[in-house]
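1. Fold the following and give me the result.
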Amino acid sequence: MAYRAFHEAYFDRLLRYLLVVTRGDEEAAREALQLTLLRVVRHIKPFRAEATFWSWLTVLARSAASDESRKRRRYFAFLDRFTRQAEVDATEGNADDTLREMLNRNMKLLAADDQDLMDRKYSAGESVRDIALSLDMTEKAVESRLARIRQKLREAVLADLEE
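-> Numbers count the residues shown, from 1 in each chain. Prediction:
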C-alpha cells in the first residue's frame with residue numbers, strides 16, 4: 001500500500017528527471033528508473049521533509065543512470081573487442097590454412113626418402129634416436145638432414161609467399 005502511494009507520487013516525476021539526465025534516451029532512463037526503484041526499496045529510511053526525500057531520490061537516480069551508462073559502455077566495448085578478435089581469428093585461420101597448403105604442396109616436391117623422414121619425425125612423432133637406429137645413421141646425421149629439409153621447405157614456402 002505504501003509502495004503503491006510512493007509509486008503513484010514519484011514514478012512519472014523520476015522518469016522525467018531521468019530523461020533529462022540521460023539526454024532523452026528513453027530506454028536508458030527506464031532502466032535507470034528500475035534500478036532507482038530497487039535502491040529505494042533496499043535503502044528506504046524516514047525523511048522529515050519532502051524536499052529532502054526528493055533530493056535523496058535524485059541522488060539515487062543519478063547514481064543509477066551513471067551505473068547503467070558505465071555498464072552499457074563496458075558491454076559495447078566488450079562487443080567491439082570480441083568482434084575485432086573474431087575478425088583477427090578468421091584472418092589468422094585463413095593465413096594458417098594458406099601456409100598449411102603451401103607446406104603440403106612443397107612437401108610433395110621433396111624426394112621420397114626426405115618425405116618419409118619428415119613424416120616419421122613430425123607426423124608419427126618418432127624420436128631422432130629411433131629414426132637413426134632404423135636408418136643405421138647417427139643421431140647427428142639425422143638432425144642435420146632434418147635441418148636441411150626444413151631449410152628447403154622454408155625457402156620454398158617463402159618463395160610461394162613472395163608470389
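2. pLDDT-wise, which helix or strand of this structure ranks last?
-> helix 50-108 (a mean of 83; mean pLDDT, DSSP states H and E).
3. which is the next helix or strand following it?
-> Proceeding C-terminally, helix 50-108 gives way to helix 112-118 as the next helix or strand, assigned by DSSP states H and E.
4. Which other helices and strands does that following helix contact?
-> Judged by 3 or more CB pairs under 8 Å, 6 or more residues apart in numbering; DSSP states H and E, helix 112-118 is in contact with helix 50-108, helix 139-162. Every C-beta, even on glycine, is put in place using the N, C-alpha and C of the backbone.
5. Look up how far R84 lies from R4.
-> Applying CB to CB, to the nearest Å, the value for R4 to R84 is 48 Å.
6. try S66
-> Going from S66 to R84 by CB to CB gives 27 Å.
7. now M1
-> With CB to CB as the criterion, M1 and R84 are 52 Å apart.
8. What helix or strand is E27 located in?
-> helix 26-43.
9. how about that helix: buried residues?
-> For helix 26-43, a neighbour-count test (16 or more other CB atoms under 10 Å) marks A28, A29, E31, A32, L33, L35, T36, L37, R39, V40 as buried.
10. hang on, the earlier thing: so M1 and R84 - more neighbours on which side?
-> Neighbour count, other CB atoms under 10 Å: between M1 and R84, R84 has more, with 10 against 5.
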